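[1] coords please:
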Amino acid sequence: MNTNLKRPIRKAVFPVAGLGTRFLPATKVMPKEMLPINDRPLIQHVFEEAREAGIEEFLFITGRHKNMLEEHFDFQPELEDTLKSRGKTDMLEKVKSSEMPAGALFLTRQPRPLGLGHAVWCAQKLVGDEPFAVLLPDVLIHAKTGCLKQMVDLYAEYGGNLIAVEDVPRAETSKYGIVDTGGDHSAAMPVKGLVEKPNPEDAPSTLSVIGRYILQPEIFAHLAAFETGAGGEIQLTDAMARLINTQPFHAMRFDGKSYDCGSRLGFIEANLAYALADSEIGGDVQRILGEINENLTGKASIKAVS
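    The predicted model follows:
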């Protein structure tokens with residue numbers, strides 16, 4: 001294999017220009033990426049996943065009214081001084097861990113919402129001629145070892161392009177990018193085709209792309225054509241499909257569970273999962289859920305009797 005296709009992954013692209021309309025009015029002023037999952041915002045969970053995988057440069061594709069994202073990762077001297085003076089060392093460490101290393105955060109704008117493919121294309125000059133990762137901040141993956149770290153480890157062996165996938169119900173394939181692996185079930189499944197949001201009867205499999213990608217820079221040549229696909233948007237899936245048969249391209253089932261935090265139900269589910277796994281509050285959350293369930297069950301029984 002061409003050794004250029006196995007170069008280290010140093011950069012990660014975070015498309016964060018979306019308006020978060022499904023969460024209005026909560027996102028009227030606050031970016032959806034700042035919505036909290038347990039004790040930290042969505043964007044920090046994904047940043048930490050990338051940092052664990054060895055990412056050195058974090059490229060945010062932003063839009064208007066997204067300044068809060070930049071501020072969140074900046075040094076906050078007044079806050080840190082206050083926490084230090086009050087002896088809140090545990091909280092101080094949490095704040096420090098959310099800071100971006102100097103010179104590691106880069107931002108560029110996506111002026112109009114033209115699709116994920118267009119958002120990634122906006123990062124071309126920041127990425128340069130290097131392989132890179134893409135992480136969708138509204139998809140969280142709860143795993144012992146971060147999904148991107150799992151991907152980077154597999155990429156070191158196979159190189160080329162790599163996407164994380166998981167099975168979805170066939171009836172829901174029309175919501176996702178679906179991968180054709182020709183029935184292969186190995187650790188690194190060869191990608192033979194990609195279809196964006198196919199009808200269930202036309203879907204080549206039930207393997208869904210879930211928002212984690214390692215891509216070679218040749219993807220930009222295909223994105224630059226600005227061809228629209230499903231939904232009239234410039235789709236990343238369509239550009240990736242053009243790399244098939246020209247470069248190694250694999251799909252990986254990851255260890256963990258994904259949560260679509262771009263939907264209200266997925267957001268609530270993620271909050272419950274992360275809270276239950278929190279050693280400080282997990283037990284209390286379990287108790288509260290039990291009490292809520294008991295109260296709802298009791299009310300249902302009373303209603304049935306009456």
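[2] so how far is the first residue of stretch 56-74 from its last?
    Start and end residues of stretch 56-74 are separated by 16 Å (Cα to Cα, to the nearest Å).
[3] Of all the residues in that stretch, which ones are buried?
    Buried residues in stretch 56-74, counted by 16 or more other Cβ atoms under 10 Å: 57-63, 66, 69, 72-73. (Glycine included, C-beta is placed from N, CA and C.)
[4] Turn these into JSON lines, including distance to Glu48, pLDDT and secondary structure.
    Formatted as JSON lines, the entries for those read as follows, by distance: Cβ to Cβ, whole Å; pLDDT from 0 to 100; DSSP: H, G, I helix; E, B strand; the rest coil:
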{"residue": "Glu57", "distance to Glu48": "15", "pLDDT": "96", "secondary structure": "strand"}
{"residue": "Phe58", "distance to Glu48": "11", "pLDDT": "97", "secondary structure": "strand"}
{"residue": "Leu59", "distance to Glu48": "16", "pLDDT": "97", "secondary structure": "strand"}
{"residue": "Phe60", "distance to Glu48": "15", "pLDDT": "96", "secondary structure": "strand"}
{"residue": "Ile61", "distance to Glu48": "19", "pLDDT": "94", "secondary structure": "strand"}
{"residue": "Thr62", "distance to Glu48": "19", "pLDDT": "92", "secondary structure": "strand"}
{"residue": "Gly63", "distance to Glu48": "23", "pLDDT": "87", "secondary structure": "coil"}
{"residue": "Lys66", "distance to Glu48": "19", "pLDDT": "84", "secondary structure": "coil"}
{"residue": "Leu69", "distance to Glu48": "15", "pLDDT": "89", "secondary structure": "helix"}
{"residue": "His72", "distance to Glu48": "13", "pLDDT": "85", "secondary structure": "helix"}
{"residue": "Phe73", "distance to Glu48": "11", "pLDDT": "86", "secondary structure": "coil"}
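[5] ok, which pair from those is furthest apart?
    Within the buried residues of stretch 56-74, Glu57 and Gly63 form the most distant pair, 20.2 Å apart (Cβ to Cβ).
[6] Please identify which of the buried residues of stretch 56-74 is nearest to Gly298.
    Among those, and counting by Cβ to Cβ, the member closest to Gly298 is His72, at 41.9 Å.
[7] count of residues packed around Met151?
    Met151 is surrounded by 22 other residues when neighbours are defined as other Cβ atoms under 10 Å.
[8] Name the residues that touch stretch 267-275?
    Counting by Cβ atoms under 8 Å, 6 or more residues apart in numbering, stretch 267-275 makes contact with 23, 35-38, 140, 142, 257, 259, 261, 281-282, 285, 289, all of which sit outside it.
[9] hang on, the earlier thing: can you list the buried residues of stretch 56-74 in a markdown table and add distance to Phe14?
    Compiled in a markdown table, the buried residues of stretch 56-74 are given as follows (distance: Cβ to Cβ, whole Å):
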| residue | distance to Phe14 |
| --- | --- |
| Glu57 | 11 |
| Phe58 | 7 |
| Leu59 | 7 |
| Phe60 | 5 |
| Ile61 | 7 |
| Thr62 | 9 |
| Gly63 | 12 |
| Lys66 | 11 |
| Leu69 | 9 |
| His72 | 12 |
| Phe73 | 11 |
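[10] What ranges in this protein fall below the confidence cut-off?
    Confidence mapping of the chain against pLDDT under 70 gives the ranges 1-3, 227-232, 299-306.
[11] Counting by contacts, list what the longest strand seen in it packs against.
    In the chain, taking DSSP state E as the definition, the longest strand is strand 207-215. Of the remaining helices and strands, those touching strand 207-215 by 3 or more Cβ pairs under 8 Å, 6 or more residues apart in numbering; DSSP states H and E are strand 132-135, strand 139-142, helix 147-158, strand 161-167, strand 177-180, helix 236-241.
[12] Output those as JSON lines; include the columns distance to Leu83.
    Listed next are the helices and strands packed on strand 207-215 as JSON lines, based on distance: least, Cβ to Cβ, whole Å:
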{"stretch": "strand 132-135", "distance to Leu83": "29"}
{"stretch": "strand 139-142", "distance to Leu83": "27"}
{"stretch": "helix 147-158", "distance to Leu83": "30"}
{"stretch": "strand 161-167", "distance to Leu83": "36"}
{"stretch": "strand 177-180", "distance to Leu83": "43"}
{"stretch": "helix 236-241", "distance to Leu83": "40"}
